[in-house]
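[1] whatever this is, show me its structure:
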Amino acid sequence: MSIVIEDLHKSFGKKDVLTGFSAEARDGETLVILGGSGSGKSVTIKHIVGLLVPDRGRVLVDGQIVAELSQEELFALRRRVGYVFQFAALFDSMTLAENVGLGLRRQRSSSDAEIHERVSECLALVDMEGFEDRYPSEISGGQRKRAGIARAIATKPDYILYDEPTTGLDPVTKAMIDNLILRLSEELGVTGIVITHDMDSAFRVADRFAMLHEGRCRFYGTPDEIRTADDPVVRGFIEGRPELMENAT
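    Presented below is the predicted three-dimensional model:
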């Protein structure tokens with residue numbers, strides 16, 4: 001199982017966001033897509049689930065070209081992809097159990113008892129046993145992130161897409177979320193894509209990096225390779241040294 005992004009182009013009006021981005025999330029690995037704000041990270045992952053159609057290039061999931069799928073095939077694909085939103089996106093009027101079980105209820109293939117059991121399993125996986133009856137307003141930001149991850153894994157996806165999973169969290173809570181991402185990869189075998197500009201978090205979870213810069217892939221490789229990269233743009237970004245990037249081509 002893999003996600004392959006090939007020569008992806010996407011513009012909005014006169015603004016070119018992606019101008020030939022390519023990368024691959026390999027089976028069982030976690031790919032971290034790096035890039036500054038507005039670099040096209042979120043636009044990229046929206047192509048993976050068919051929320052956007054490329055102007056040129058393609059995205060393949062398990063060899064299927066996403067943009068060529070029928071509506072029914074696209075719905076089937078989305079059931080295999082868990083999505084962790086930047087700010088968890090939990091519904092305030094629902095308990096955590098109702099939030100986590102939302103995707104299962106929409107699938108209409110499980111009984112109430114089965115949904116209850118699966119919700120409890122998923123909350124346990126993110127170390128939130130006994131939180132089923134609480135509302136999002138009653139828990140911390142880090143707990144909301146973990147509940148969002150529980151919801152993403154409830155349908156037993158093959159892939160999980162994480163949109164800035166550590167934004168707004170303190171260092172200790174960030175480390176907890178990173179460890180959780182690693183655990184899910186190891187215990188569930190899911191293939192993950194994390195988009196972030198948090199380098200500490202990125203180095204904790206990444207098997208491979210793809211760096212988006214000016215719409216293209218500036219770097220693709222392992223954590224060891226990115227640490228020793230000579231490219232001043234790559235070095236400037238991961239070291240937080242904008243002066244290295246200013247005069248680079």
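[2] contacts and neighbour counts: CA atoms only from here.
    Will do.
[3] can you show me the helices along the protein?
    41-48, 71-79, 96-100, 102-107, 112-125, 141-153, 171-188, 199-205, 223-227, 232-239, 242-246 (DSSP state H).
[4] can you redo the ones you listed as a markdown table with mean pLDDT and mean neighbour count?
    As requested, those are arranged in a markdown table below (pLDDT from 0 to 100; neighbours: other CA atoms under 10 Å):
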| stretch | mean pLDDT | mean neighbour count |
| --- | --- | --- |
| helix 41-48 | 92 | 20 |
| helix 71-79 | 90 | 14 |
| helix 96-100 | 92 | 25 |
| helix 102-107 | 83 | 16 |
| helix 112-125 | 90 | 18 |
| helix 141-153 | 88 | 25 |
| helix 171-188 | 86 | 16 |
| helix 199-205 | 92 | 18 |
| helix 223-227 | 95 | 15 |
| helix 232-239 | 91 | 19 |
| helix 242-246 | 78 | 14 |
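[5] how about the ones you listed in CSV, adding distance to Lys15?
    Written out in CSV, the entries for the helices of the chain read as follows (distance: least, CA to CA, whole Å):
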stretch, distance to Lys15
helix 41-48, 13
helix 71-79, 27
helix 96-100, 36
helix 102-107, 35
helix 112-125, 41
helix 141-153, 32
helix 171-188, 33
helix 199-205, 27
helix 223-227, 29
helix 232-239, 22
helix 242-246, 21
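[6] out of the ones you listed, nearest to Asp27?
    Taking CA to CA, helix 171-188 is the member of these nearest to Asp27, at 10.4 Å.
[7] report all helices and strands that that closest one contacts.
    helix 141-153, helix 199-205 (3 or more CA pairs under 8 Å, 6 or more residues apart in numbering; DSSP states H and E).
[8] wait, His47 sits on Gly57?
    No: if you go by CA atoms under 8 Å, His47 and Gly57 don't touch, sitting 10.7 Å apart.
[9] if we can go back for a sec, nearest to Gln86, out of the helices of the chain?
    Counting by CA to CA, and looking across all of these, nearest comes helix 141-153 at 8.3 Å.
[10] so which of the helices of the chain is nearest His213?
    When the helices of the chain are compared for distance to His213 using CA to CA, the nearest one is helix 232-239, at 8.4 Å.
[11] follow-up on the earlier one: and of the helices and strands packed on helix 171-188, who's closest to Val66?
    helix 141-153 (20.2 Å).
[12] re earlier: export the helices and strands packed on helix 171-188 as TSV, with columns for distance to Phe85.
    Conversion of the helices and strands packed on helix 171-188 to TSV gives the following (distance: least, CA to CA, whole Å):
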stretch	distance to Phe85
helix 141-153	7
helix 199-205	16
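[13] of these, which approaches Arg26 most closely?
    Distances from Arg26 to each of these were compared by CA to CA, and the smallest falls on helix 199-205, at 14.3 Å.
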